[in-house]
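J.: Structural data only, the sequence is not supplied:
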């Protein structure tokens, strides 16, 4: 196994164990300030746990929370980008669909991605040019290429940006097809599900790109493609994203867009 990936797995499992231990604690709903403090504390401790494992082996590497990713895009130093809890609302509501992710970037190229579901103990890994795996087994994206019985994951945040006539028009077109729609509240894990063929297609509106980077490499290494809509560029660093196998992607672009 890749030596850097070994360390990433060791670190993410240790951080995931801490998250899982706090999952069963009593609900802390009440004042929104208290909830934010609770989540921030959980994330900070998890970040420190993960960082400690990494720094013991790679003391000179740069370790960042995913929210700071955009500030260090030109940094040549090897970077470990950590999202300590993707799916915070699910975590708070005791819905077992959240994850931790690590992306390792060298020379501004994403080399390794690890996404870990600490409740189901599912470990998704991807190495650039060497494919993607789930719990040590090679995964490929779905080959489904018709609307009938397909599962299409639509991701959007509850913000004013998403409630536009254009977006509602697209939602309506998807709901008129003979497919199933999912929106689960954990972007990284859902992208890993796409990579492993659990979902057939992904449509994302106004995505925070710092939350997308972990799933990006998983998708590409599983054989799926990434495209933009409402854009004139092939640059995947855009907010509106389509992802799936080539044939389904072509079908979506023809029939929906």
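T.: Sure, I can see it. No experiment lies behind these values; they were computed from the predicted model shown.

J.: Identify the residues contacting residue 246.
T.: Going by C-beta atoms under 8 Å, 6 or more residues apart in numbering, residue 246 touches residue 225. In this view, the C-beta of every residue, glycine as well, is placed from N, C-alpha and C.

J.: before we move on, which element is the one residue sitting closest to the centre of the chain in?
T.: Closest to where the C-alpha atoms of the chain average out (C-alpha atoms, centre = their mean) is residue 188, at 1.5 Å. Using DSSP states H and E, residue 188 sits within helix 187-195.

J.: cool, residue 111 as well?
T.: Assigned by DSSP H and E, residue 111 falls within strand 109-117.

J.: Okay, angle between the helix or strand just after that strand and helix 187-195 too, please.
T.: Once the chain leaves strand 109-117, the next helix or strand it forms, by DSSP H and E, is strand 122-127. Calculated by axes from the mean of the first three to the mean of the last three C-alpha atoms, to 10 degrees, strand 122-127 forms an angle of 80 degrees with helix 187-195.

J.: tell me the helices in the stretch 51-200 of the chain, going along the chain?
T.: For the stretch 51-200 of the chain, the helices defined by DSSP state H, counting those that start in this stretch occupy 88-92, 165-175, 187-195.

J.: show me what contacts the residue nearest to the centre of the chain?
T.: Contacts here follow C-beta under 8 Å, 6+ apart; on that basis residue 188 touches 83, 86-87, 99, 101, 115, 211, 214-215.

J.: distance of it from residue 24?
T.: 22 Å (C-beta to C-beta, to the nearest Å).

J.: Ok, residue 143 next?
T.: Between residue 143 and residue 24 the distance is 38 Å, computed by C-beta to C-beta.

J.: what's the burial count for the closest residue to residue 189 other than its chain neighbours?
T.: Using C-beta to C-beta, 6 or more residues apart in numbering and skipping the chain neighbours, the partner closest in space to residue 189 is residue 99 (4.4 Å). Residue 99 is flanked by 31 other residues according to other C-beta atoms under 10 Å.

J.: Let's see the pLDDT reported for residue 99.
T.: Residue 99 is assigned a pLDDT of 97 by the prediction.

J.: tell me the secondary structure for the residue nearest to residue 110 when sequence neighbours are not counted?
T.: Once flanking residues are discounted, residue 110 sits nearest to residue 217: 5.0 Å by C-beta to C-beta, 6+ apart. Assigned with DSSP: H, G, I helix; E, B strand; the rest coil, residue 217 falls in the helix class.

J.: so who does residue 135 touch?
T.: Shown in contact with residue 135 (C-beta under 8 Å, 6+ apart): 122-123.

J.: Would you map the strands across this structure?
T.: 62-65, 79-86, 99-106, 109-117, 122-127, 131-134, 137-139, 151-156, 180-182, 201-205, 225-228, 241-244 (DSSP state E).

J.: Please identify the buried residues of the fifth one?
T.: So that's strand 122-127. Across strand 122-127, burial judged by 16 or more other C-beta atoms under 10 Å covers 122-127.

J.: export those to TSV and tack on distance to residue 40 and pLDDT?
T.: Formatted as TSV, the buried residues of strand 122-127 follow (distance: C-beta to C-beta, whole Å; pLDDT from 0 to 100):
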residue	distance to residue 40	pLDDT
122	26	98
123	26	98
124	26	98
125	28	98
126	29	98
127	32	97
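
J.: which one of those residues sits closest to residue 109?
T.: Closest to residue 109 out of these is residue 127 (11.9 Å), distances taken as C-beta to C-beta.

J.: partners of that closest one in the sheet?
T.: Partner residues in beta bridges with residue 127, using DSSP bridges, are residue 112, residue 131.
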